[in-house]
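Participant: sequence first, predicted coordinates after that:
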Amino acid sequence: MEIMSATEVKQGFGAALDAAQREPVFIRKQDRDVAVLMSVQEYNKLRGLRWAAFNRTCAEIAAEAKERGMTEEILAELLADVS
């Protein structure tokens with residue numbers, strides 16, 4: 001993990017972009033991490049993991065609802081009451 005100050009990034013943005021292709025670059029301002037610069041590939045990987053986790057959570061909730069007796073008809077009635 002590379003760490004650069006905001007000033008370093010501002011003065012050498014090209015170098016920061018090059019570094020981000022190898023690994024995420026943490027950007028610090030006044031001794032606090034304020035941002036992370038990363039490659040598009042790394043970003044897409046993280047986004048994919050987030051969607052996978054979301055889909056797993058949805059599947060778990062659906063399975064539990066089914067175990068407790070939730071049906072499509074009951075769900076439709078509940079959603080109709082909301083309108």
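Facilitator: That came through fine.
Participant: buried residues in the helix or strand of the chain with the lowest mean pLDDT?
Facilitator: Sorting the helices and strands of the chain by mean pLDDT, DSSP states H and E puts helix 72-82 at the bottom, at a mean of 87. Residues of helix 72-82 include none that count as buried (16 or more other Cβ atoms under 10 Å). Quick note: C-beta positions are derived from backbone N, CA and C, even for glycine.
Participant: what do you get for stretch 34-52?
Facilitator: When burial is assessed from 16+ other Cβ under 10 Å, stretch 34-52 yields the following buried residues: 37-39, 42.
Participant: those residues in strands, which ones?
Facilitator: Here DSSP state E is the test, and the buried residues of stretch 34-52 give Leu37 as lying in strands.
Participant: walk me through the domains of the chain.
Facilitator: According to automatic domain parsing, the chain is divided into the following domains: 2-38, 41-82.
Participant: mean pLDDT lowest for which of these?
Facilitator: Taking the mean pLDDT of each of the domains of the chain, the lowest value is held by domain 41-82, a mean of 92.
Participant: quick revisit: so which elements touch the least confident helix or strand of the chain?
Facilitator: Helices and strands touching helix 72-82, by 3 or more Cβ pairs under 8 Å, 6 or more residues apart in numbering; DSSP states H and E: there are none.
Participant: alpha carbons of that helix, as PDB, please.
Facilitator: Output of helix 72-82 as PDB, limited to C-alpha atoms (Å, rounded to 0.1, in the frame of the first residue of the first chain):
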ATOM      1  CA  GLU A  72     -45.800 -14.400  -3.400                       C
ATOM      2  CA  GLU A  73     -49.500 -13.700  -2.600                       C
ATOM      3  CA  ILE A  74     -48.800 -12.500   0.900                       C
ATOM      4  CA  LEU A  75     -46.000 -10.300  -0.400                       C
ATOM      5  CA  ALA A  76     -48.300  -8.800  -3.000                       C
ATOM      6  CA  GLU A  77     -50.900  -8.000  -0.400                       C
ATOM      7  CA  LEU A  78     -48.300  -6.400   1.900                       C
ATOM      8  CA  LEU A  79     -47.000  -4.300  -1.000                       C
ATOM      9  CA  ALA A  80     -50.500  -3.300  -2.100                       C
ATOM     10  CA  ASP A  81     -51.200  -2.000   1.500                       C
ATOM     11  CA  VAL A  82     -48.200   0.300   1.200                       C
END
